[in-house]
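A.B. asks: Sequence first, predicted model second:
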Amino acid sequence: MAFDWLIRGGTVIDGTGVPARPADVALVGDRVAAVEPGLAGEAHRVVDATGCLVTPGFIDMHAHSDFSLLSVASAESKVRQGVTTDVTGMCGFSPAPVPAEPSLLAGWAAFLGPDVPGSWTTFGSWLERVQEAGLSMNVVPFVGHGALRLATMGFAQRAPDPDEARRLADLLRASLDAGAFGLSTGLIYPPSSFSETAELVGLARVLAERPGRLYCSHVRGEGPTLQAAVAEAITIGEAAGVPVQISHLKCSGRANWPRMGDALRLIDQARARGVAVTADMYPYTAGSTTLASLLPPWAHAGGLEALLGRVADPRARARIVAEGVLGEREWRGPNGPTEWEAVLVAGCPARPEVEGQTLAQLAVRRGRPAAEVLLDLVLEGRGQVSMIHFLMSEANVARVLQDPHVAIGSDNLGLCAGPEATHPGTPHPRQHGCFPRVLGTAVREQGLLGWEEAIRKMTGLSAAILGLADRGTLRAGAAADVVVVDPRAVADLASYQAPHRYPAGIPWVWVNGVAVVQAGRFAAQPAGRVLVPAR
């Protein structure tokens, strides 16, 4: 039998954490045929991987690309990083199910994808559209709690009544039946933030009807309430008997940085008593989300139009400012105090001239207090404004990265394809460089991890959390998602000032046996699949 591909002369890191070893890798169809030293046999294509690492395809454990896959199915900014599988539907946001008033979904997710929703209503019909799009990478879909709530009770700021609770559970069951791997919550984002613990325990018990389905949570606070928020997520999983994934584990705000150790101890203690708790993170000190998330929860009740009405109303606006302003330099957001210099406008299609500037800089340029500029931008951009928020310490990033139960997830808000110069906005550099940053910076330059452990966090650990039995490890019979990494050259070239730069040092990527990066050149092909839960 002739191999389709023979990757010869490389050093295999198989995703399990065991030491690297010299071996050739053969691919036939969409499977790995063999991983052995000195493979003999005919091959249609041979790749010389001398001096390089050969690894399983990277799994992005936390992503938001479901809001752009239909328009950018090639996912070039992900695939060039070595990402072959994207986990979507995070932080309570998913493009389905669609509420009876689709404008609710459109306004709620405007900062993620202005073209959502489209011609689908259910989670199943959404997945059909995604599979038809011609994906260049695989997708692991989750359903968002915020989307379920919108479809059931809109932006009501209260607990569901019995009929609504049944409807929420039924929509979750239907989404799981259609292929959702689990449920995600975004407990700082309305309407998910309007829920109480009891509601979430009830939905987690629906997950428990299908063993292995996962509860993922952007917890209720990542600043002064971090411990209580992590404890709530653990309580939900423990009460329902389901595994828990803490999304983008971080400690936000200088005053809160010492709390990271307590959060990690909570996770370790839960694991010691048998609760399956893991987490994910990205290797940067800044996060990125909607600018409107800096406003108090009550301001969001009723949805986008209600929020914009309050920002435009002098009395409501004055209340928002009074609750938020902390002197001239700071604002009290849901995660605690933040300085205006720490908030960078990443994307604002209505006012592109403000992109790449901090609120402190814009306050000077506009001659207005920074709090007023914040509200002006929310109003001018009609909610479609994203920010980069500098929140974390390098020491905590390193500490979380080294935890053995933490996987890698980009928390990427969008995807790009084509020449770098054509990309709009100033998004977070993780959009182009999350995974190469782990390898080039954390491993090669800083020595925080060994190559084997870093690759495990990107591959085998994530696959085990998700129950992907045939992905995440490089072995005979596994799916042929494979990456070649040059350990001397791999690097994140994107920066906060110049974020639209593809990484270096990842010359080859295969998705289901199809080469989508070939000798450093991107070759978009419909090789990706919507993956199906195995259990």
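C.D. replies: Sure, I can see it.

A.B. asks: which non-adjacent residue is nearest L187?
C.D. replies: Spatially, and ignoring its direct neighbours in sequence, L187 is nearest to R220 (4.0 Å; C-beta to C-beta, 6 or more residues apart in numbering). The way it works is simple: take the backbone N, C-alpha and C, and place the C-beta from them, glycine included.

A.B. asks: Would you confirm that that neighbour contacts E232?
C.D. replies: Yes: taking C-beta atoms under 8 Å as the definition, R220 is a contact partner of E232 at 6.0 Å.

A.B. asks: Now the common contact residues for these two.
C.D. replies: Any residue near both R220 and E232 by C-beta atoms under 8 Å, 6 or more residues apart in numbering counts here, and that gives L187.

A.B. asks: How many neighbouring residues does the residue nearest to L187 have?
C.D. replies: Neighbour count of R220, defined by other C-beta atoms under 10 Å: 22.

A.B. asks: Please apply the same query to A255.
C.D. replies: 12.

A.B. asks: Helix or strand: which one has the residue lying closest to V116 once chain neighbours are set aside?
C.D. replies: Using C-beta to C-beta, 6+ apart and skipping the chain neighbours, the partner closest in space to V116 is P95 (4.9 Å). Using DSSP states H and E, P95 sits within no helix or strand.

A.B. asks: Ramachandran coordinates for P95?
C.D. replies: Main-chain torsions, P95, degrees, to the nearest 10: phi -70, psi 0.

A.B. asks: Just to check, it is in contact with L69?
C.D. replies: No: proximity of P95 to L69 does not meet the contact threshold set by C-beta under 8 Å, at 9.2 Å.

A.B. asks: Those two: which is more packed in?
C.D. replies: Each of P95 and L69 has its neighbours counted (other C-beta under 10 Å); P95 has more, 29 against 26.

A.B. asks: Quick one: the helices in the stretch 351-500 of the chain, in order.
C.D. replies: All helices of the stretch 351-500 of the chain, identified by DSSP state H, counting those that start in this stretch, fall at 359-366, 370-380, 394-401, 430-437, 451-458, 460-466.

A.B. asks: which helices and strands does the longest one pack with?
C.D. replies: Counting contacts by 3 or more C-beta pairs under 8 Å, 6 or more residues apart in numbering; DSSP states H and E, helix 370-380 is packed against helix 304-312, helix 314-324, strand 330-333, helix 359-366.

A.B. asks: Let me have those in a markdown table, extended by mean pLDDT and distance to F435.
C.D. replies: A markdown table is the format used below for the helices and strands packed on helix 370-380 (pLDDT from 0 to 100; distance: least, C-beta to C-beta, whole Å):
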| stretch | mean pLDDT | distance to F435 |
| --- | --- | --- |
| helix 304-312 | 94 | 33 |
| helix 314-324 | 95 | 36 |
| strand 330-333 | 88 | 29 |
| helix 359-366 | 96 | 30 |
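
A.B. asks: tell me the contacts of S288?
C.D. replies: A346, S386, M387, I388, H389, D411, L413, P427, H428, R430.

A.B. asks: one more time with 10 Å
C.D. replies: Listed by C-beta atoms under 10 Å, 6 or more residues apart in numbering, the contact partners of S288 are 64, 111, 282, 344, 346-347, 386-389, 411-414, 427-431.

A.B. asks: State the distance from it to G383.
C.D. replies: Between S288 and G383 the computed distance is 16 Å (C-beta to C-beta, to the nearest Å).

A.B. asks: What sits closest to E355 if chain neighbours are left out?
C.D. replies: T426 (4.9 Å).

A.B. asks: brain fart, L172
C.D. replies: L172 sits nearest to V206 (C-beta to C-beta, 6+ apart), 5.0 Å away.

A.B. asks: could you point out which element follows the helix or strand harbouring the one you found?
C.D. replies: Assigned by DSSP H and E, V206 falls within helix 197-208. Next along the chain after helix 197-208, taking DSSP H and E as the criterion, comes strand 214-218.

A.B. asks: so what does that following strand touch, helix or strand wise?
C.D. replies: Helices and strands touching strand 214-218, by 3 or more C-beta pairs under 10 Å, 6 or more residues apart in numbering; DSSP states H and E, are helix 145-153, strand 182-186, helix 197-208, helix 226-240, strand 244-246, strand 277-281, helix 460-466.

A.B. asks: re the thing from before, among the contacts of S288, which ones are in strands?
C.D. replies: Using DSSP state E, the members of the contacts of S288 that fall in strands are L344, A346, G347, S386, M387, I388, H389.

A.B. asks: so how many other residues sit close to the last one?
C.D. replies: As a burial measure, the neighbour count of H389 was computed by other C-beta under 10 Å and equals 22.

A.B. asks: so I267 touches L249, yeah?
C.D. replies: Yes: counting by C-beta atoms under 10 Å, L249 is a contact partner of I267 at 8.3 Å.

A.B. asks: Mutual contacts of these two, please.
C.D. replies: V230, T278, A279, D403, H405, V406.

A.B. asks: Out of the residues you listed, flag the one nearest to A534.
C.D. replies: Minimum distance to A534 across those is 17.6 Å, recorded for T278 (C-beta to C-beta).

A.B. asks: Test my guess that that closest one contacts V400.
C.D. replies: No: at 11.9 Å, T278 does not count as touching V400 under the criterion of C-beta under 10 Å.

A.B. asks: any idea which of the ones in strands among the contacts of S288 is closest to A524?
C.D. replies: The shortest approach to A524 among these belongs to G347, at 23.7 Å (C-beta to C-beta).

A.B. asks: from memory that closest one sits against G383, does it?
C.D. replies: No: between G347 and G383 no contact is recorded; they are 11.8 Å apart, counting by C-beta under 10 Å.

A.B. asks: which neighbours do these two share?
C.D. replies: What both G347 and G383 touch, as defined by C-beta under 10 Å, 6+ apart, is the set F111, T290, L291.

A.B. asks: which ones are touching the first one?
C.D. replies: Taking C-beta under 10 Å, 6+ apart as the criterion, F111 is in contact with 64, 67, 93, 288-293, 346-348, 381, 383-387, 413-414.

A.B. asks: can you do 7 Å?
C.D. replies: Taking C-beta atoms under 7 Å, 6 or more residues apart in numbering, we find F111 in contact with T290, G383, Q384, V385, S386.

A.B. asks: thinking again about what came up before, between G347 and G383, which one's more packed in?
C.D. replies: Neighbour count, other C-beta under 10 Å: between G347 and G383, G347 has more, with 25 against 22.

A.B. asks: Am I right that that one is in contact with S386?
C.D. replies: Yes: counting by C-beta atoms under 7 Å, S386 is a contact partner of G347 at 4.3 Å.

A.B. asks: roughly how far out does stretch 246-256 sit from the chain middle?
C.D. replies: 16 Å (C-alpha atoms, centre = their mean, to the nearest Å).

A.B. asks: What residues sit buried inside it?
C.D. replies: Of all the residues in stretch 246-256, those buried under the rule 16 or more other C-beta atoms under 10 Å are I246, S247, H248, L249, K250, C251, S252, G253, N256.

A.B. asks: outside of that stretch, which residues touch it?
C.D. replies: 62, 90-91, 216-219, 222-224, 226, 230, 233, 257, 259-260, 263, 277, 279-282, 287, 335-338, 391-392, 396, 400, 406, 409, 411.
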